[in-house]
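Colleague: Next one to model:
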Amino acid sequence: MMDRRKTDLFFKRLVALVSGFSILALGAILVFVLVQGAVPFILPTDSGIRIVIERIDEITVNGQVYRNTAMIPVPRNTPSLSLRFAGQGGERSIDIEISPSEKDPERMIRFTADAGGEITYPEAYVYTLSYPSALPGLKQKIHLILPEPPYSLHRFLGGLDWRPTYTKVYGIFPMIIGTILAGFGAVFLGVPPAILCALFMGEFLHPRIASVARGGIELLAGIPSVVYGFFGLMVVVPAVKAAFKVPSGNGLLSAVIILALMILPTVITIAETAIRAVPRSHREASLSLGASKMQTAWFVVLPHARSGVLAGIILGISRAMGETMAVILVAGNSVQLLHSPLDSVRTLTATIALEMGYAQGRHSEMLFSVGVMLFIIILLLNSIILRVRRLTDAEA
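Modeller: As a prediction, this is how the structure comes out:
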């Protein structure tokens with residue numbers, strides 16, 4: 001008896017330890033993502049100005065000499081820069097005035113004298129001075145990289161342009177609209193047939209045949225999303241192109257069709273399980289009162305199984321909103337406001353998947369913000385559905 005108590009106590013503590021560790025790990029991940037998503041709206045990208053030099057062995061910055069240094073940090077509130085270095089043809093001198101309060105990044109720096117080289121503006125907050133040499137690949141270059149100020153949350157949520165690599169504009173409103181339309185379109189297209197299929201399997205189909213169909217549907221639920229995307233690329237996209245006589249079938253409609261196909265197995269499986277869980281006594285009571293089998297299934301069984309059906313719908317919405325690979329293959333991935341279901345669309349998840357591999361600095365932080373926005377959208381939608389569920393349960 002004592003050994004059994006010790007064993008029970010050991011497993012109790014083990015389960016508590018594993019559960020606590022799992023909760024802490026999930027909480028840490030959530031906090032990390034939320035913090036990373038909030039950083040670009042609170043802090044600048046850097047604490048100061050960075051001077052990056054190429055093929056210059058010695059340079060003097062505001063009287064201080066740097067030798068064999070690739071990157072030189074300068075305080076952000078520095079009002080001016082005086083650069084001296086040796087170039088072909090003699091000593092070169094550059095004098096620069098800095099206006100950190102200037103909103104336009106192209107006007108934050110002003111050269112007070114002729115720099116003597118080629119001044120280019122490769123992207124926002126970056127200036128490049130190039131000096132020729134005997135070989136084109138051996139040019140002397142000085143890059144002035146200014147810190148990007150905290151980004152406006154209003155511009156982020158309401159902006160219509162997403163140009164992170166040059167102008168560094170991060171507007172995700174078209175992506176929010178595209179994500180919501182793709183998700184709701186998939187739900188409206190996929191949920192009604194899924195519920196009818198679950199009702200047919202649970203109430204009208206022979207148990208043996210239903211068991212075989214159930215196994216096939218569960219198999220469909222386990223197919224990787226990239227396979228659905230490849231099917232959409234090879235079948236759905238050409239069909240949409242031919243049916244509507246458009247230049248390209250990659251668009252919102254193709255994405256909705258593929259997402260609807262993808263959520264069908266999930267919704268069917270959960271809804272059919274909930275339907276089979278309705279007590280047999282409810283069916284017998286309805287049939288004894290003279291209701292037909294169809295009336296019993298529609299007006300008695302389905303309302304009693306609504307909690308499970310709503311759970312399936314919630315999972316379907318979450319999968320449709322969070323799908324990535326299949327949407328990338330069929331949606332077209334253009335950041336634009338939609339004027340037609342046939343227009344190309346890009347979702348929030350597609351943006352993260354397409355750009356995270358090469359994103360740096362503020363761009364990478366903004367992709368975390370996109371992920372946080374997606375999380376908030378799914379959380380709000382699920383909360384609304386659960387609220388509706390509670391209201392319907394209270395009325396019942």
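
Colleague: Pull out the buried residues from stretch 184-196.
Modeller: 185-187, 189-191, 194-195 (16 or more other Cβ atoms under 10 Å). In this view, the C-beta of every residue, glycine as well, is placed from N, C-alpha and C.

Colleague: helix or strand for the nearest residue to Val345 once chain neighbours are set aside, which one?
Modeller: Leaving out its chain neighbours, the residue that sits closest to Val345 by Cβ to Cβ, 6 or more residues apart in numbering is Gly178, at 3.9 Å. Using DSSP states H and E, Gly178 sits in helix 173-203.

Colleague: and if you look at Ile142?
Modeller: Using DSSP H and E, Ile142 falls in strand 140-145.

Colleague: And the next helix or strand past that strand?
Modeller: helix 153-158.

Colleague: For that next one, list the C-alpha coordinates in CSV.
Modeller: Taking Å, rounded to 0.1, in the frame of the first residue of the first chain, the C-alpha atoms of helix 153-158 are listed here in CSV:
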residue,chain,number,x,y,z
LEU,A,153,0.4,51.9,-35.8
HIS,A,154,-2.3,53.7,-37.8
ARG,A,155,-0.1,53.5,-41.0
PHE,A,156,0.6,49.9,-40.3
LEU,A,157,-3.1,48.8,-39.9
GLY,A,158,-4.6,51.3,-42.4
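
Colleague: What lies in contact with it?
Modeller: Under the criterion Cβ atoms under 8 Å, 6 or more residues apart in numbering, residues 41, 169-173, 176, 366, 369, 373 lie in contact with helix 153-158.

Colleague: try it again with 10 Å
Modeller: 38, 40-42, 152, 161, 169-173, 176, 366, 369-370, 373 (Cβ atoms under 10 Å, 6 or more residues apart in numbering).

Colleague: If any of those residues are buried, put those into a ChimeraX selection.
Modeller: A single ChimeraX command selects the buried members of the contacts of helix 153-158 (16+ other Cβ under 10 Å):
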select :40,170,171,172,173,176,366,369,370,373
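
Colleague: Just the contacts of helix 153-158: which are in helices?
Modeller: Residues of these located in helices (DSSP state H): 38, 173, 176, 366, 369-370, 373.

Colleague: Does the closest residue to Ala305 other than its chain neighbours lie in a helix or a strand, and which?
Modeller: Distance criterion Cβ to Cβ, 6+ apart; nearest residue to Ala305, sequence neighbours excluded, is Ala274 at 4.1 Å. In this assignment (DSSP H and E), Ala274 forms part of helix 252-276.

Colleague: name the helices or strands packed onto that helix?
Modeller: With contacts taken as 3 or more Cβ pairs under 10 Å, 6 or more residues apart in numbering; DSSP states H and E, helix 252-276 sits against helix 173-203, helix 207-221, helix 225-231, helix 237-244, helix 302-304, helix 306-322, helix 325-330.

Colleague: What is the subsequent helix or strand relative to it?
Modeller: helix 280-288.

Colleague: Now that next one: average pLDDT?
Modeller: Averaging pLDDT along helix 280-288 yields 89.

Colleague: Show the low-confidence segments of the stretch 151-300 of the chain, by residue range.
Modeller: The stretch 151-300 of the chain contains no residues with pLDDT under 70.

Colleague: If anything else comes up later, I'll come back, but that's it for now.
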